[in-house]
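**Q** have a look at this fold, sequence not included:
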């Protein structure tokens with residue numbers, strides 16, 4: 001069994017566990033339930049939350065016990081330098097996979113805006129497609145008027161950034177951008193407080209970060225309510241609606257996850273965890289939070305502004 005002393009010949013390996021298998025099963029139940037729910041709603045049938053909530057409950061319970069065990073191992077001195085390096089590499093690969101995840105989404109947005117919409121408008125190498133299918137289609141992004149506005153009625157207005165300076169005063173995505181940028185500063189301040197062994201500032205700045213994450217999510221919910229009820233912008237309103245909700249919705253899910261992770265770190269800070277040389281749990285959470293902040297900046301630029 002390894003201790004906190006660095007020993008390249010020793011490595012703490014936990015005993016066989018049930019966490020990965022049950023977590024995968026819970027995720028499968030939750031995701032298939034989500035897909036079924038969305039198909040039911042699209043078909044104007046009442047969707048059921050039962051499968052989604054069941055899968056979510058399984059995932060939440062597994063993560064609680066799994067990460068609780070990892071935290072316990074750390075407090076018992078079972079983590080050496082070699083295991084810490086494996087944590088760093090594991091978190092690095094996880095964030096890299098998330099980068100590829102959003103790269104695929106941004107790639108789909110680029111393909112849609114730059115290629116497919118132009119083709120339907122009669123431009124480019126495959127412009128004849130639009131000439132045959134919808135010759136009157138106007139290839140302007142955001143696509144408010146779809147090629148077939150009967151089958152796929154477009155939104156009344158888009159979420160594009162306002163042209164006038166006065167319009168930014170009530171523009172929710174702008175406030176969400178400011179909030180996330182501020183949260184990157186506050187989580188950095190919390191990290192600095194750990195290094196300076198200032199536990200009061202650690203808890204204060206981390207609490208502010210969690211609060212900012214919750215405010216962001218609240219404003220995004222408000223944005224979705226306005227989009228559905230007042231703007232006619234839904235998942236079914238053509239390619240613009242589907243890409244908008246796909247990108248912002250998945251990012252919102254990641255912000256939710258990041259807020260929960262930071263909340264766990266806040267609880268741990270009140271229990272006396274973390275020190276200048278023993279704070280990887282917090283550092284991993286802050287890396288993830290900075291990642292979702294950077295992704296939002298990209299979303300704000302390419303989904304809302306341009």
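**A** Perfect, thanks for sending it. Everything quoted here is computed from the prediction, not taken from an experiment. Numbers count the residues shown, from 1 in each chain.

**Q** so where's the stretch 201-306 of the chain uncertain?
**A** Along the stretch 201-306 of the chain, segments meeting pLDDT under 70 are nowhere present.

**Q** break down it into its strands, ranges please.
**A** Remark: no strands are assigned in the stretch 201-306 of the chain by DSSP state E, counting those that start in this stretch.

**Q** so which residues of it form helices?
**A** Counting by DSSP state H, counting those that start in this stretch, residue ranges of the helices within the stretch 201-306 of the chain are 238-270, 280-299.

**Q** can you check the stretch 1-150 of the chain too?
**A** Taking DSSP H, counting those that start in this stretch, the helices of the stretch 1-150 of the chain run over residues 19-42, 50-75, 81-110, 117-120, 128-133.

**Q** closest one to residue 218 among these?
**A** With CB to CB as the criterion, residue 218 lies closest to helix 50-75 of those, at 19.9 Å. (Each C-beta comes from the backbone N, C-alpha and C, glycine too.)

**Q** how about residues contacting stretch 295-302?
**A** Residues from elsewhere that reach stretch 295-302, judged by CB atoms under 8 Å, 6 or more residues apart in numbering: 102, 106, 109, 173, 176-177, 180-181, 247-248, 251, 254-255.

**Q** quick check: ChimeraX command selecting the buried ones in those.
**A** Applying 16 or more other CB atoms under 10 Å to the contacts of stretch 295-302, the buried members can be selected in ChimeraX as follows:
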select :102,109,173,176,177,180,247,248,251,254,255
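
**Q** just name the closest of the contacts of stretch 295-302 to residue 280, please.
**A** Nearest to residue 280 out of these is residue 254 (CB to CB; 20.4 Å).

**Q** tell me the average confidence for stretch 113-132?
**A** For stretch 113-132, mean pLDDT rounds to 80.

**Q** quick check: buried residues in that stretch?
**A** Neighbour-count burial for stretch 113-132, counted by 16+ other CB under 10 Å, picks out 113, 116-122, 124, 130.

**Q** also stretch 297-306?
**A** Applying 16+ other CB under 10 Å to stretch 297-306 flags 298-300, 303-304 as buried.

**Q** distance of the spatially most central residue of the chain from residue 144?
**A** The centroid of the chain falls nearest to residue 254 when counting by CA atoms, centre = their mean (2.2 Å). Between residue 254 and residue 144 the distance is 28 Å, computed by CB to CB, to the nearest Å.
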